[in-house]
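**Q** Got a sequence here, can you model it:
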Amino acid sequence: MILSVDELQFLYRNTKILDDIAFSISEGEIVAILGPNGVGKTTLLKCLNRILVPKEGVVTVCGDPIASLGLMEVARRIGYVPQRVETGRLTGFDAVLLGRRPHIGWDITEKDLRIVDAAFKKFMIDHLRLHSIDEMSGGELQLIAIARAFVQEPKILLLDEPTSALDLKNQVEILDRIRNIVTDHRIAVVMTMHDLNTALRYADRFIFLKDQSIHTYGDRSIITENEIEAVYGVPVQIGELWGVPCVIPLCLCNGNGNGKEEERDDMIHKKEN
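**A** Below is the predicted model of the structure:
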């Protein structure tokens, strides 16, 4: 396992936020952390790379307890992209180059520059090289932040709502690239998400958080109508569109979640055909 978490507990001002969190992740996997607002998704992500220190429990990365690693070694193994990225007068190129800091010795090398250059091409952001990051749109800044984490050459990427500032086209493009990176480089990605349909399209495994703990963890088979209703309190129906699962909130379809099942089923059937 590239990452394992055992009996993790986190308190904020004596209020329990997370309790008895345990799961493991293998290389080549994308894991989506799901659940309602305020359930602790971002807090869990920050506990995985020691931004927050759990009260109890052990996080192990590549066989080593993360508490035993220095900050630079943590940065070599784990890349992190927060929801909100700080801006400044750096150019896009300099901002991405900062991701090489855990690997840079006395000076920047040709290897560092090649890796940064490759990231700009891989994420198709060449046009942002010389732009000041404080003049970029939210979506452009998010792409720069993901590229910066990628050039750290981490074993694990932690992404907090990675598509929240992106339009539909960029959402698809960036998640397609993340999927390819996971496959090509055999790393693991853990990302928090709100969009169940996007998670179903890209993630391999899913963590549902509820009441400070993991309600369910597993592959796509755990994404059921009963499970979603139990976690979110919203009745849903899961259909398929061209082979891709699609979660439809019933209360948004007909106002109260009751009746019209035949009409809804007919709509799904027509789209499938």
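
**Q** How much space separates Pro82 from Ala118?
**A** Here the criterion is Cβ to Cβ, to the nearest Å. By it, Pro82 lies 23 Å from Ala118. C-beta here means a position set from N, CA and C on the backbone, and glycine is covered the same way.

**Q** Between these two, which has more neighbouring residues?
**A** Pro82 (17 against 13; other Cβ atoms under 10 Å).

**Q** Name the nearest residue to the more buried one, ignoring sequence neighbours.
**A** Excluding the flanking residues, the one nearest Pro82 by Cβ to Cβ, 6 or more residues apart in numbering is Asp160, at 5.2 Å.

**Q** Can you report phi and psi for the one you found?
**A** Dihedral pair for Asp160: phi -100, psi 110, per degrees, to the nearest 10.

**Q** Which pLDDT does the model give it?
**A** As predicted, Asp160 sits at a pLDDT of 94.

**Q** so it makes contact with Leu45?
**A** Yes. Between Asp160 and Leu45 a contact is recorded at 5.5 Å, counting by Cβ atoms under 8 Å.

**Q** For these two, work out which one has more neighbours and name it.
**A** Between Asp160 and Leu45, counted using other Cβ under 10 Å, the more crowded position is Leu45 (23 against 19).

**Q** you'd agree the more buried one is in a helix?
**A** Yes. Looking at Leu45 with DSSP: H, G, I helix; E, B strand; the rest coil, it is inside a helix.

**Q** just for the chain, where's the confidence low?
**A** Applying pLDDT under 70 to the chain flags the ranges 251-273.

**Q** Now do the domain split for it, please.
**A** Domain assignment for the chain, taken from automatic domain parsing, gives 3-233, 234-273.

**Q** which of these is buried the deepest?
**A** Using mean count of other Cβ atoms under 10 Å, the stretch among the domains of the chain with the greatest mean number of neighbours is domain 3-233 (a mean of 17).

**Q** coming back round to it: what residues do Asp160 and Leu45 have in common as contacts?
**A** Counting by Cβ atoms under 8 Å, 6 or more residues apart in numbering, the shared contacts of Asp160 and Leu45 are Tyr80, Thr192.

**Q** Do a quick rundown of the strands in this structure.
**A** Ranges of strands in the chain, per DSSP state E, are 3-12, 15-25, 30-34, 56-61, 64-65, 78-81, 156-160, 188-192, 205-210, 213-218, 236-241, 244-249.

**Q** residues contacting the residue nearest to Pro82?
**A** Taking Cβ under 8 Å, 6+ apart as the test, what Asp160 contacts is Lys41, Thr42, Leu45, Tyr80, Val81, Pro82, Gln83, Met191, Thr192.

**Q** Run through the bridge partners of the most centrally placed residue in the chain.
**A** In the chain, the centroid-proximal residue (Cα atoms, centre = their mean) is Met191; its distance is 1.4 Å. With DSSP bridges applied, Met191 shows beta-bridge pairing to Ala32, Leu159.

**Q** residues in contact with Ile33?
**A** Lys41, Leu44, Leu45, Val190, Met191, Thr192, Met193, Ile207, Leu209.

**Q** one more time with 6 Å
**A** Lys41, Thr192, Ile207 (Cβ atoms under 6 Å, 6 or more residues apart in numbering).

**Q** Closest to Thr87 out of the residues you listed?
**A** Within the contacts of Ile33, proximity to Thr87 (Cβ to Cβ) peaks at Thr192, which comes in at 21.7 Å.

**Q** If we ignore the residues flanking it in sequence, what's nearest Tyr232?
**A** Pro36 (5.9 Å).

**Q** about what we covered before: check the gap between the residue nearest to the centre of the chain and Ala203 for me.
**A** 8 Å.
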